[in-house]
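A.B. asks: Kindly return the folded structure for what I paste below:
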Amino acid sequence: MKLKLTLLLLTISLLSNAQSFKILDNPTLGKNYEENDEGEYETLNFKVVDKLDLEITAKKKKYQDLLDSIDFGTGSLADKKIKEKQEELDAIKSEIKDLKERRMLYRNEYVKEYLNYSNFTFGFWNERSHAFSEILYDTKGKTFNLINNSGFNIGSNSGSVYTELVSGQLYIFRVSLGTLVSSSSDENIETATIDEAYQRLVTTGGNTVLKFEYPLLYSHASNNQWTIISRLIGKGTADFAEFGTKTDDWAGSGSFGLDIYADVATSNNNIRFYMNYNINKIFGTDSYIDNLGIENSDFSFGQLKLGLVFNKNISLSFVVATFSSEDSLRNRNVIAGGQILR
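C.D. replies: Next up is the predicted model:
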């Protein structure tokens, strides 16, 4: 099989929330926590949350007792007493709100400790999914992040610029919206259209991309010398001629699939070798299929990427294989890529 080596994805990520994972040192390394009957680790943050729960319960009881003590009689004196009690009730409600906000912050820190301390976590509800994003995407506790990831792609006869405009947590999902502008220097319009469409397929999927990510599994060594991550990923994409796409009509697609990431690092974490495999089921409009030069409106497509990270910041990677139910999309190019993580 003849493979054409194309330098298609020389990507420099300019902002901190890069799509590639940046595996840092484990902050719980060397610490020992007792596990209670509920399977929770009794860290300092866990104990603070436990104390705040008791305070919230006490404040709620105080609120209810005060409410029960109000004499809902008649006349101006009764109205005055009710007004005085209402001020006390409002003050207690404000205290409860503040306690709940503090609890949420400490609880989030504890869940991050749990994920870092536990070597294997399967199944992510809202708290775990949010903490997972903070650990591996460096969201720094923000609910939404603007212009997170920007980069450019250079190929032998094509190129593109990608920007992740916004991302955030929506319950158990990490949601992101990005745009990609691609171009080809090939003078043959038909060939250029197919090359651009394939480039979008192996990078983000389209000019405009709405992505939902749900973590399934997070496993790692205590010192983070190896890591395994599995996610479910759903995408909706759209290609517009106004974005520089060689397409006669609007082209769109929807996809869902499985993504698996695994790595192993040297003892000082300065060199990390990684593997990233994904497989997706894709459904496209007629224009989307025509642009790719295939016939079926639904098809499977996946990739195997191998790479390494130097000094926790510089990533080099190669897409060594592509898999598809469409013959023309299989092992079309060996793709070399690079990324600066920070």
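A.B. asks: Does residue 165 touch residue 177 like I think?
C.D. replies: Yes - taking contacts as C-beta atoms under 8 Å, residue 165 lies within contact range of residue 177: 5.2 Å. Backbone N, C-alpha and C define where each C-beta goes, glycine included.
A.B. asks: can you give me the strands in this structure?
C.D. replies: Counting by DSSP state E, the chain has strands at residues 4-10, 120-122, 144-154, 158-170, 173-184, 208-220, 226-239, 251-265, 271-284, 298-310, 314-324, 333-340.
A.B. asks: among those, which is nearest residue 102?
C.D. replies: Nearest to residue 102, of all these, is strand 158-170, at 19.7 Å by C-beta to C-beta.
A.B. asks: Against residue 125, how distant is residue 248?
C.D. replies: 45 Å (C-beta to C-beta, to the nearest Å).
A.B. asks: which sections of the stretch 201-342 of the chain are below the confidence cut-off?
C.D. replies: 242-247, 333-342 (pLDDT under 70).
A.B. asks: Could you rerun that using 80?
C.D. replies: 203-206, 241-249, 311-315, 317, 332-342 (pLDDT under 80).
A.B. asks: tell me the domain boundaries of this structure?
C.D. replies: 4-29+125-340, 44-117 (automatic domain parsing).
A.B. asks: Which of those has the highest mean neighbour count?
C.D. replies: Highest mean neighbour count among the domains of the chain (mean count of other C-beta atoms under 10 Å): domain 4-29+125-340, with a mean of 18.
A.B. asks: Below-threshold pLDDT in the stretch 51-200 of the chain: ranges please.
C.D. replies: 70-84, 137-164, 180-192, 195, 199.
A.B. asks: Which one of the strands of the chain lies nearest to residue 43?
C.D. replies: Per C-beta to C-beta, nearest to residue 43 of the strands of the chain: strand 120-122, 15.5 Å.
A.B. asks: Which strands and helices lie in contact with that closest one?
C.D. replies: strand 208-220 (3 or more C-beta pairs under 8 Å, 6 or more residues apart in numbering; DSSP states H and E).
A.B. asks: by contact count, what packs against the strand it packs on?
C.D. replies: Going by 3+ C-beta pairs under 8 Å, 6+ apart, strand 208-220 lies up against strand 120-122, helix 126-137, strand 173-184, strand 226-239.
A.B. asks: Quick check: which of those is nearest to residue 48?
C.D. replies: That would be helix 126-137 among those, by C-beta to C-beta, at 15.6 Å.
A.B. asks: And that closest one, what does it pack against?
C.D. replies: Partner elements for helix 126-137 (3+ C-beta pairs under 8 Å, 6+ apart): helix 76-117, strand 158-170, strand 173-184, strand 208-220.
A.B. asks: what does that helix contact?
C.D. replies: Helix 126-137 has contacts (C-beta atoms under 8 Å, 6 or more residues apart in numbering) with 17, 21-23, 107-108, 111-112, 114-116, 121, 124, 139-141, 167, 169, 171-174, 214-215, 218, 229.
A.B. asks: Report the contact partners of the residue nearest to residue 301 when sequence neighbours are not counted.
C.D. replies: Of all residues not flanking residue 301 in the chain, residue 324 sits nearest, at 4.6 Å (C-beta to C-beta, 6 or more residues apart in numbering). The contact partners of residue 324, by C-beta under 8 Å, 6+ apart, come to 299-302, 330.
A.B. asks: Relative to residue 288, which of those is nearest.
C.D. replies: For the contacts of residue 324, the nearest to residue 288 is residue 299 (10.6 Å; C-beta to C-beta).
A.B. asks: Any figure for the gap between that closest one and residue 257?
C.D. replies: On the measure of C-beta to C-beta, residue 299 and residue 257 end up 12 Å apart.
A.B. asks: go on, residue 209?
C.D. replies: From residue 209 to residue 257 the distance is 14 Å (C-beta to C-beta).
A.B. asks: what pairs with the residue lying closest to residue 210 once chain neighbours are set aside across the strands?
C.D. replies: The spatially closest residue to residue 210, leaving aside those adjacent along the chain, is residue 236, at 4.6 Å (C-beta to C-beta, 6+ apart). On the basis of DSSP bridges, residue 236 takes part in beta bridges with residue 210, residue 254.
A.B. asks: Next, format the helices and strands packed on helix 126-137 as TSV and append distance to residue 36.
C.D. replies: TSV is the format used below for the helices and strands packed on helix 126-137 (distance: least, C-beta to C-beta, whole Å):
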stretch	distance to residue 36
helix 76-117	12
strand 158-170	27
strand 173-184	30
strand 208-220	22
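A.B. asks: Just put the domains of the chain in TSV and tack on distance to residue 37.
C.D. replies: Formatted as TSV, the domains of the chain follow (distance: least, C-beta to C-beta, whole Å):
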stretch	distance to residue 37
domain 4-29+125-340	20
domain 44-117	13
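A.B. asks: who wins for proximity to residue 35 among those domains?
C.D. replies: domain 44-117 (9.8 Å).
A.B. asks: start to end distance for the closest one?
C.D. replies: 13 Å (C-alpha to C-alpha, to the nearest Å).
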